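K.L.:
just coords:
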């Protein structure tokens, strides 16, 4: 059997795909290369030597903003968002397996924030917390309670910013878990109950191990979406910025490849998180397969 000759359409589509890949990954590769500029290098090509000079300056501190503090805040917030996204999405998926009154309306409300512009969500959350601050100050003035007199703001990393990020990550987590539970065979749970397992034991030893790779995927979505989020954080963060907000500010103040070095480090961190998630997913799949062989 001879291979059919390639048609012009094949080459046209191949060229289009190559341009798409270049457009997708070209900027990241460009920043990676320029981050290794020599000490006298600028923000554009040509390269003026090759060194790790700008990584050293970044490690020592830029002197303009607290980059490492912003990175640490983004990591902490991302981990909290990840945990809440996994937990809420998992138990919401369990709840939606059964019919109940108002499930359609509840689902619509839960995922509606996906279609609302991110800046509008951020403005709304920021306004809500400012109104709460005004209410606390009014209450302090009316009652004279000392513990309210020193109130600053309710806005912060684990209040308004956390809520803003959850409006972005939770809908994705819910959609993933709904799809997973739609394919989940309830016969596994029935078999566990027939063998005398309680509801909690069935959940822990049957449902969670089977859904482990999917839960890792939800965790990956939750962390990466939170770590990279800019628009929903902009009006809801309070006094201390996350790393994306600091990066946005640096684009107008930093005129050296130091910002490229920071971009390379954050890209490497994101790739490390993805690699860890893939590794965890493969580990859970192999562990489940070994258990199946032993039981068989």
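P.N.:
Structure received. This is a predicted model, so every value here is computed, not measured.

K.L.:
which residues of the stretch 151-296 of the chain fall in strands?
P.N.:
Here the stretch 151-296 of the chain has no strands by DSSP state E, counting those that start in this stretch.

K.L.:
for the stretch 151-296 of the chain, which spans come out with low pLDDT?
P.N.:
254, 291-296 (pLDDT under 70).

K.L.:
walking through the stretch 151-296 of the chain, point out its helices one by one.
P.N.:
Assigned by DSSP state H, counting those that start in this stretch, the helices in the stretch 151-296 of the chain fall at 160-183, 187-194, 199-202, 208-227, 231-234, 243-250, 258-295.

K.L.:
report the angle between the axes of the fourth one and helix 243-250?
P.N.:
Put simply, helix 208-227 runs at 20 degrees to helix 243-250, going by axes from the mean of the first three to the mean of the last three C-alpha atoms, to 10 degrees.

K.L.:
how about residues contacting helix 208-227?
P.N.:
By C-beta atoms under 8 Å, 6 or more residues apart in numbering, the residues outside helix 208-227 that reach it are 74-75, 77-79, 81-86, 89-90, 165, 168-169, 172-173, 176-177, 180, 184, 188, 243, 270, 273-274, 277, 280-281, 284-285, 287-288, 291. Where you see a C-beta, it was placed from the backbone N, CA and C, and this is true even at glycine.

K.L.:
hang on, the earlier thing: nearest to residue 46, of the helices of the stretch 151-296 of the chain?
P.N.:
Closest of the helices of the stretch 151-296 of the chain to residue 46 is helix 258-295, at 14.8 Å (criterion: C-beta to C-beta).

K.L.:
relative to helix 243-250, how tilted is that closest one?
P.N.:
Orientation check (the same axes, to 10 degrees): helix 258-295 against helix 243-250 gives 160 degrees.

K.L.:
buried by neighbour count: which residues of helix 258-295 qualify?
P.N.:
For helix 258-295, a neighbour-count test (16 or more other C-beta atoms under 10 Å) marks 258-266, 273, 277, 280-281, 284 as buried.

K.L.:
save these as JSON lines, and put in distance to residue 201 too.
P.N.:
Listed next are the buried residues of helix 258-295 as JSON lines, based on distance: C-beta to C-beta, whole Å:
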{"residue": "258", "distance to residue 201": "54"}
{"residue": "259", "distance to residue 201": "52"}
{"residue": "260", "distance to residue 201": "52"}
{"residue": "261", "distance to residue 201": "51"}
{"residue": "262", "distance to residue 201": "48"}
{"residue": "263", "distance to residue 201": "47"}
{"residue": "264", "distance to residue 201": "47"}
{"residue": "265", "distance to residue 201": "44"}
{"residue": "266", "distance to residue 201": "42"}
{"residue": "273", "distance to residue 201": "32"}
{"residue": "277", "distance to residue 201": "27"}
{"residue": "280", "distance to residue 201": "23"}
{"residue": "281", "distance to residue 201": "24"}
{"residue": "284", "distance to residue 201": "19"}
